[in-house]
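Student: Provided below for reference: sequence and predicted model.
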Amino acid sequence: MIPKEMDHPDKRGTTLRDGLKDHTEPSKPVHHEVISSDEQRFFRSYRIIKQFPATGGEADIWLIQKDRVYYILKHYRLGIEPKIDVLDQVSHISLRNPKNLIKIIDYGFDEESERWYEILEYARYGSLRDLVQKQSISNATFKSIIEEIAFGLDTLHKNNVLHLDLKPSNILIRELRPLNLILTDFGISTLLDTELSRHITSTKGTPMYWAPEQLGNVVGRESDYWALGIIALEITEKKHPFEGLNHNLILSTLASRGIVLSEQIHPDRLILLKGLLTRNPKKRWGKREVSLWLSGKRNIPVFYEEEHIGRQGISKPYEFHDENYYSLHDLMYAFIGDPASWEDAKRHIGRGYLLRWLEATEQYNKAVIISKYNETCPDEDERLVYIAAELNKDIPFTLYGKVIDITNLVWFLGRSLNREQDEYEEKILSLLFSGDIEAMYNRFLDITKQEVKSIFFTRLFTWIKSNPRGTNERKRLFQYAKILHEREVAGIPTEWSAKSVISIISIYHNFIRLSAKSDAEECKKDMITAANHALSAQVIEPDLLVALASAFEELQDPKTGKMLLKKAYNLDIRVLTLLFNKRIGIQRFRFYSSLTREFEKNLIFISSDPWNETITFWKKKYLQFYEEDNFSLTLSLSERIIEMDKMGAHGWAMRGLSLLKIKRSHEAEFCFSHRSIHTADDPLMTWILGEQSEESRNLSVAEEKYNEVPEQHFVQPLPRIGMARIYFKQKRYWETIEICDTILKTYPGNVKALLHKGDSLYAIDRIEEALICFDLICENHPDNYMGCVKAARCLLKMGKYGEANTCISKVLEKDETIVEALRIKAYISLKRGIKTEAKQWLSKILTIDPENSWALKMQSISGIKTH
């Protein structure tokens, strides 16, 4: 436990954000025009504590506080926008699986500062980098570190998110005993293409933790496990394997040799390092192998040695671009890596350098392949395509040093339309339209025996052959290829997410607009496949079902949509709201998404760990916020209770009551019809039914229900407040005062009791006593504006216009939408004869409520005209 006097970020040791700076240099304060001024010390209701130094230019980092809980504010610099799709996905994952991911409390665009922001949990024990630098890591701790990181990666990967910037400073420590690590900083993370299990991306992040395949911009889950291997090696050797090397030398090592591991490392740990630091991503260890290693198994296949075995018998490496290569597999990657390498590779082949090296190293079969293509393939570029394919069966289809796939073709076509294409891109497009690319690709597949990685790539060839050529050919092909690329990114139907389905609907409409009817029909078939899979799946996310239902409504198939919604309703109570709402199609899904976001934000607002709270906790919070009239929160709380106990009566009744309060009576009636409510017999349910009766204006039944609730039950004082409310409605003022006094004896300062007592005293003309009640509310609860408005009303009644004006002005400084406050202000202005000021306040009333009879009457009497 941390002593209370030390439990403040300024009094703790090195933390996460301390890890962002170089400790060898004095920190320099970072100033910002929006937040750093002395006058402004809040950001969106969070109190600003201090700013942390940050070396990156992406964002300012602040420590903030709300409700005595510390958070981190990541305030992006002007013009920098985070990956919202990734944040949205990670935020959702961290709410459902919070163990090894940082909790993203909130994120969005701040209108005031015109900058994007994230609000994150504050990890008070710093980062893994701090831990490794400060203490020796035991074997037990080492295994805990590996397990925690692997679990976090697995959570991300199962939800199709690649981290791509895993390093010790991006791994935070939530707890030390037991060790709980959390992954953070998703600035360059990306959503994985579900169909290909790989993603084409620009190379970003920290080179010291890059996997070899990241040099080719094609990454998958394996890339994150390479980074885990580097971290494990760094802990083992107590230094980074690339320490002291410059950027280019690091890239060269990754491209040609990989990491050379010392045989002095303990065999138990060496097998893990070899498994994770295998250069071939297809043979690199992943979650399964790491889990087996953690469980104590050691007979796990390792392919790290293959590269070194491949060198045996080859004493002389092949030199290319100042690098030595022992493996033809790696040499071919180097040959096709970029246009400059491509041109040099053609010279190496054309001048016989590669052929002579193969003969000198006794690789005669490979030499024969070179000779065959030299004799049969006169075109140097085409020859290089086939030779690279023969010598490396895993190589991507590449021409002129550029990977040929639908992603890059969209890029080339777009650049061509803007007249920005380079000479190689122009050659590729010319070969595409001539049909030569298709012929080369088919032969490439014959050589490598690779499967067609994307049916959408081959559809491009069909489109070109079936559409007449003309002046708009490239523009039309660009439009079509762009849609195809979007369809490729969406993945296969059985692996679609809700976002994929919404994307497919847009793609379907775009195909229709482009007259690509066969492609549109394929989209329809894919959606039917996805729907059948979703309806038969044992485990399915409700948002996917809602998205599919919305999609079928867009396709004019409401029957399938209803089946999907029915299954979604069985999984998520919020779907019920959709059935009582007129929105259909995509608008229905967007509405559902907003309901889900509001629900999750409300839970996070109440608890930092909402998925581990008990039903009793949520019931007590419901009563707390119900008494405060915060019915949007009580609605979310009731939905959480239903999630935890779907057959229980309390959740359904609480939800029905919240819906009644926000005037959604039909949906409320459905909730109250739940069969378990009629068999429940306990004080909490009795109070809820009393509230329902009161809302239905059946006051006698409500009074009876309220009286049945024991005085010592935790639901009190709400039933007593309900009694006071009924007595006041029935003008039984003395009884109201009596019951409010009873409440105030047990619950001193209770706002509702003070309000009802004050209103009753005012009604019987005991104005000064009423003022005392309302003043108590103003003093102890300054944000309860209604108490202050009623106090001003009492002062008016007593003829104290100056005091009333002061009181009501304070309310209007904070909120100018309270009609009763505006009315008092207008009345005082009229009483003082200040018609221009009165006109201003009357105008504001009529803006809010154009039919306000009092304001219209005052206009008429005083001769004031407003516009």
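Tutor: In hand now; what should we look at? Residues are numbered from 1 along each chain as shown.
Student: For the rest of this, base every contact and every neighbour count on C-alpha atoms.
Tutor: Will do.
Student: where do the strands sit along the stretch 351-500 of the chain?
Tutor: For the stretch 351-500 of the chain, the strands defined by DSSP state E, counting those that start in this stretch cover 398-399, 402-403.
Student: mind listing what the last one pairs with, with the direction of each?
Tutor: Applying DSSP bridges to the sheet, strand 402-403 is found paired with strand 398-399 (antiparallel).
Student: Pull the distance from the strand it pairs with to the chain's centre.
Tutor: Relative to its parent chain, strand 398-399 has a centroid offset of 36 Å by Cα atoms, centre = their mean, to the nearest Å.
Student: For it, what does the pLDDT average out to?
Tutor: For strand 398-399, mean pLDDT rounds to 94.
Student: One more: stretch 832-841?
Tutor: Averaged across stretch 832-841, the pLDDT comes to 87.
Student: How about stretch 697-714?
Tutor: pLDDT averaged over stretch 697-714 gives 92.
Student: now do stretch 668-680
Tutor: Mean pLDDT, computed over stretch 668-680, is 90.
Student: list the buried ones in the helix or strand in which residue 528 is found?
Tutor: Assigned by DSSP states H and E, residue 528 belongs to helix 517-536. Buried residues in helix 517-536, counted by 16 or more other Cα atoms under 10 Å: 519, 520, 523, 524, 526, 527, 528, 530, 531, 534, 535.
Student: Show me the contact partners of it.
Tutor: For helix 517-536, contacts defined as Cα atoms under 8 Å, 6 or more residues apart in numbering pick out 492-494, 496, 501, 504, 507-509, 511-512, 540, 545, 548, 564, 567.
Student: repeat for stretch 101-111
Tutor: Applying Cα under 8 Å, 6+ apart, the contact partners of stretch 101-111 are 87, 90-91, 94-95, 115-121, 152, 181-184, 601, 604.
Student: Filter the residues you listed down to just the ones in helices.
Tutor: If you go by DSSP state H, the contacts of stretch 101-111 have 87, 90, 91, 94, 95, 152, 601, 604 in helices.
Student: Closest one of the residues you listed to residue 571?
Tutor: Using Cα to Cα, residue 95 is the member of the ones in helices among the contacts of stretch 101-111 that lies nearest residue 571, at 17.1 Å.
Student: ok, and the closest non-adjacent residue to the closest one?
Tutor: Spatially, and ignoring its direct neighbours in sequence, residue 95 is nearest to residue 103 (6.9 Å; Cα to Cα, 6 or more residues apart in numbering).
Student: What's the separation between the one you found and residue 595?
Tutor: Look at residue 103 and residue 595: by Cα to Cα, to the nearest Å, they are 20 Å apart.
Student: Run through the residues that contact the closest residue to residue 796 other than its chain neighbours.
Tutor: The shortest distance from residue 796 to any non-neighbouring residue, by Cα to Cα, 6+ apart, is to residue 804 (6.0 Å). Each residue near residue 804 by Cα under 8 Å, 6+ apart is listed here: 791, 792, 793, 795, 796.
Student: Apply 10 Å and report the result again.
Tutor: With contact taken as Cα atoms under 10 Å, 6 or more residues apart in numbering, residue 804 is in contact with 788-798, 824-825, 828.
Student: In ChimeraX, select just the buried ones from the residues you listed.
Tutor: Of those, the buried ones can be selected in ChimeraX as follows, counting by 16+ other Cα under 10 Å:
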select :788,789,790,791,792,793,794,795,796,824,825,828
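Student: Which of the contacts of residue 804 fall in helices?
Tutor: Taking DSSP H, the ones among these that sit in helices are 788-797, 824-825, 828.
Student: Need these in a markdown table (columns: pLDDT).
Tutor: Formatted as a markdown table, the ones in helices among the contacts of residue 804 follow (pLDDT from 0 to 100):
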| residue | pLDDT |
| --- | --- |
| 788 | 91 |
| 789 | 92 |
| 790 | 93 |
| 791 | 93 |
| 792 | 92 |
| 793 | 93 |
| 794 | 94 |
| 795 | 93 |
| 796 | 91 |
| 797 | 91 |
| 824 | 91 |
| 825 | 89 |
| 828 | 90 |
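Student: doesn't residue 70 make contact with residue 64?
Tutor: Yes: checked against Cα atoms under 10 Å, the pair residue 64 and residue 70 is within contact range at 5.7 Å.
Student: hey, what's in contact with both of those two?
Tutor: Common neighbours of residue 64 and residue 70, using Cα under 10 Å, 6+ apart, are 46, 47, 48, 49, 120, 122.
Student: Pull the contacting residues for the first one.
Tutor: Right, the one you point to is residue 46. Contacts for residue 46 (Cα under 10 Å, 6+ apart) come out as 63, 64, 65, 66, 67, 69, 70, 71, 73, 119.
Student: Any idea what it is bridged to?
Tutor: Taking DSSP bridges as the rule, residue 46 bridges to residue 43.
Student: Local confidence estimate at it?
Tutor: Here, the pLDDT recorded for residue 46 equals 89.
Student: Repeat that for the fourth one.
Tutor: For residue 49, the model assigns a pLDDT of 89.
Student: mind giving me the domain ranges of this structure?
Tutor: Under the assignment automatic domain parsing, the domains of the chain span 4-84+99-121, 128-311, 599-813.
Student: Residue 577 is nearest to which of the ones you listed?
Tutor: domain 599-813 (7.2 Å).
Student: what about residue 562, how many neighbours?
Tutor: By the criterion of other Cα atoms under 10 Å, residue 562 has 17 neighbours.
Student: distance of the residue nearest to it when sequence neighbours are not counted from residue 527?
Tutor: Spatial nearest neighbour of residue 562, excluding adjacent residues (Cα to Cα, 6+ apart): residue 549 at 6.8 Å. As defined by Cα to Cα, residue 549 lies at a distance of 10 Å from residue 527.
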